[in-house]
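Q: The following comprises the amino acid sequence and a computationally predicted model.
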Amino acid sequence: MARLCLPFAFFLVLVIFTFAIQTTKAGKEGSLRPQDCPNACGIRCSKTHHKKPCLFFCNYCCQRCLCVPSGFYGHTGECPCYDKILTKEGKHKCP
């Protein structure tokens, strides 16, 4: 039993640490590299029922701003560029 718990515990700590690093990368303007956008947007859009459009527009905005706000919704003030991208109707394009 102890032999199984140790590798599982190590794996669990590794997953939590990786998630913590990814969530702290999101946020500051220009803090991401283009290849980091899919992971940051995957976290941002993980709780929505409209994953495909959320991921599409989040990646679009991330590629332009190199930033994704932290959390699953809101916090757009962390990325002014992300917050300023609007649709023709004047609504926010970035989720």
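A: That came in fine, so what should we check first?

Q: Now the element after the worst-scoring helix or strand of the chain on mean pLDDT, going C-ward?
A: Using mean pLDDT, DSSP states H and E, helix 2-25 stands out as the lowest-scoring helix or strand of the chain, at a mean of 56. Next in sequence after helix 2-25, counting helices and strands by DSSP states H and E, comes helix 37-44.

Q: after that next one, next one along is what?
A: helix 51-65.

Q: Which strands and helices lie in contact with the very next helix or strand once past that next one?
A: For helix 51-65, the following helix or strand on the C-terminal side (DSSP H and E) is helix 80-84. Packing partners of helix 80-84 (3 or more C-beta pairs under 8 Å, 6 or more residues apart in numbering; DSSP states H and E): helix 51-65. Glycine gets a C-beta too; all of them are placed from N, C-alpha and C.

Q: what's the angle between the helix it packs on and helix 37-44?
A: Here helix 51-65 runs at 130 degrees with respect to helix 37-44, directions being taken by axes from the mean of the first three to the mean of the last three C-alpha atoms, to 10 degrees.

Q: So which residues make contact with helix 51-65?
A: In this structure, residues lying in contact with helix 51-65 by C-beta atoms under 8 Å, 6 or more residues apart in numbering are 29-30, 32, 34, 37-38, 40-42, 44-45, 48, 68, 79, 81-82, 85, 93-95.

Q: Show me which of the residues you listed are buried.
A: Buried members of the contacts of helix 51-65, counted by 16 or more other C-beta atoms under 10 Å: 32, 37, 40-42, 44-45, 68, 79, 82, 85, 94-95.
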